[in-house]
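My questions are about this predicted structure, shown below with the sequence.
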Amino acid sequence: MELTQLNLQNLRQDYRMASLSESDVAADPILQFQKWFSEAVNAKLYEPNVMTFATADSDGKPSARIVLLKGFDEQGFVFYTNYESKKAQDLVENPQAALVFFWAELERQIRIEGIVSKVDKEISEAYFQSRPIGSQIGAIASAQSSVLMDRSILEERVAELTAQYEGKTIPKPEHWGGYLVEPKHIEFWQGRSSRLHDRITYDYTDGSWKINRLAP
Ligand SMILES: Cc1cc2nc3c(=O)[nH]c(=O)nc-3n(C[C@H](O)[C@H](O)[C@H](O)COP(=O)(O)O)c2cc1C
C-alpha cells in the first residue's frame, strides 16, 4: 500500500502502560535514571543504551546522532567517540549538549541537558582495552566524520593495522576517548492516554535538584 499523507496521519498509538507522579520519583534524578534503565534492561529492549546526542556549533547550528551509553553515575553519562569528529568539533565551540533516550515498548522518553567534558585518559584507556580487537583497530583506522574517497581505503588501512598489531596490545589512540555529559536538566516522560503524558523534570540549581511537573 502506498504510504500517503493520510496513512501517515493515521499512524498513532494511545499510551496506557504506566504513569509517573511526583511522589513516585526519586529525589535524585540519577537514581530515577537507574530505576528506569534497569526496567528497560529487564524488559529486554534491543539496545536500551542507544541515545541521541545533540550538539550545536558556535553559530547555534544543531547536529544530532546516535551514540551508546557506556556508563553513568552521580557525575553524569559517558559515551565514547573520536575526539576529531564533527561532534567533537562542535563541543570545542560549545560544550552544551543534550541526550535523548526513547524506549517505545515502555512508552518512555528521557531527556538530559548538560555540559560535556572529556573523561580521564585512564578511564578511556581501560574501556578501549576492554573492546573487541576489531573495534580497537576501527577506532585507529577511521578518521571519523572526514570525507572518505572510497571504502577500500578504510579496508586497506584496517588490513595494515591488523597485520601490524597481530599478537600485540593495541594502544588507545590520542584521538579517541570518552565524554562525560554532566546533567543540569533531566526530564522523565511517561506516555499517557489522549496525549496527557506525565513529564517530571529535575533542574540543578543552588547545589540541589528541584523537581517540577511540566504540561504535556
Ligand atoms: C546504534 C548506533 C550506535 C552508535 N554508537 C556510537 C558511539 O557510541 N560512538 C560514536 O562515535 N558513534 C556511534 N555511532 C555512529 C554515530 O551515530 C555517528 O555516525 C558518528 O559518531 C559520527 O558522528 P559525527 O560526524 O556527528 O561526529 C552509532 C550509530 C548507531 C546507529
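Perfect, thanks for sending it. Numbers count the residues shown, from 1 in each chain.

Name the residues of the lowest-mean-pLDDT helix or strand in the chain that are buried.
Sorting the helices and strands of the chain by mean pLDDT, DSSP states H and E puts helix 5-9 at the bottom, at a mean of 88. The neighbour-count check on helix 5-9 (16 or more other CB atoms under 10 Å) flags nothing as buried. Heads up, the C-betas are built off the backbone N, CA and C, glycines and all.

Give me the contacts around the next helix or strand after it.
Going down the chain from helix 5-9, the next helix or strand is helix 29-42, by DSSP states H and E. With CB atoms under 8 Å, 6 or more residues apart in numbering as the test, helix 29-42 has contacts from 25-26, 48, 72-74, 101, 103, 106, 108, 110, 183, 186, 188, 202, 209.

Which among these count as buried?
25-26, 48, 72, 101, 103, 106, 108, 110, 183, 186, 188, 202, 209.

Kindly report the residues of the protein close to the ligand.
Selection of the chain residues close to the ligand by CB under 6 Å from any ligand atom yields 50, 63, 65-68, 79-82, 85-87, 144-145.

quick revisit: which one of the buried ones among the contacts of helix 29-42 sits closest to residue 175?
residue 72 (24.1 Å; CB to CB).

Surely that closest one and residue 101 touch.
No - with contacts counted by CB atoms under 8 Å, residue 72 stays clear of residue 101, the gap being 11.1 Å.

So for those two, which residues contact both of them?
With CB under 8 Å, 6+ apart, residue 72 and residue 101 have no common neighbours.

picking that back up, please save the CA atoms from the least confident helix or strand of the chain in CSV.
Output of helix 5-9 as CSV, limited to C-alpha atoms (Å, rounded to 0.1, in the frame of the first residue of the first chain):
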residue,chain,number,x,y,z
GLN,A,5,-0.2,11.6,3.8
LEU,A,6,-3.5,10.2,5.1
ASN,A,7,-1.8,6.9,6.1
LEU,A,8,0.9,8.8,8.0
GLN,A,9,-1.6,11.0,9.7
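
would you say residue 66 is within a strand?
Yes - assignment of residue 66 by DSSP: H, G, I helix; E, B strand; the rest coil places it within a strand.

List the beta-bridge partners for it.
residue 52 (DSSP bridges).

any idea how far it is from residue 89?
According to CB to CB, to the nearest Å, residue 66 and residue 89 sit 18 Å apart.

Tell me where this structure has strands.
Assigned strands in the chain, in chain order: 50-56, 62-68, 71-73, 76-82, 96-103, 108-118, 176-190, 198-205, 208-213 (criterion: DSSP state E).

Columns mean pLDDT on top of these, output as TSV?
Below are these laid out as TSV (pLDDT from 0 to 100):
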stretch	mean pLDDT
strand 50-56	99
strand 62-68	98
strand 71-73	98
strand 76-82	98
strand 96-103	98
strand 108-118	98
strand 176-190	98
strand 198-205	98
strand 208-213	98
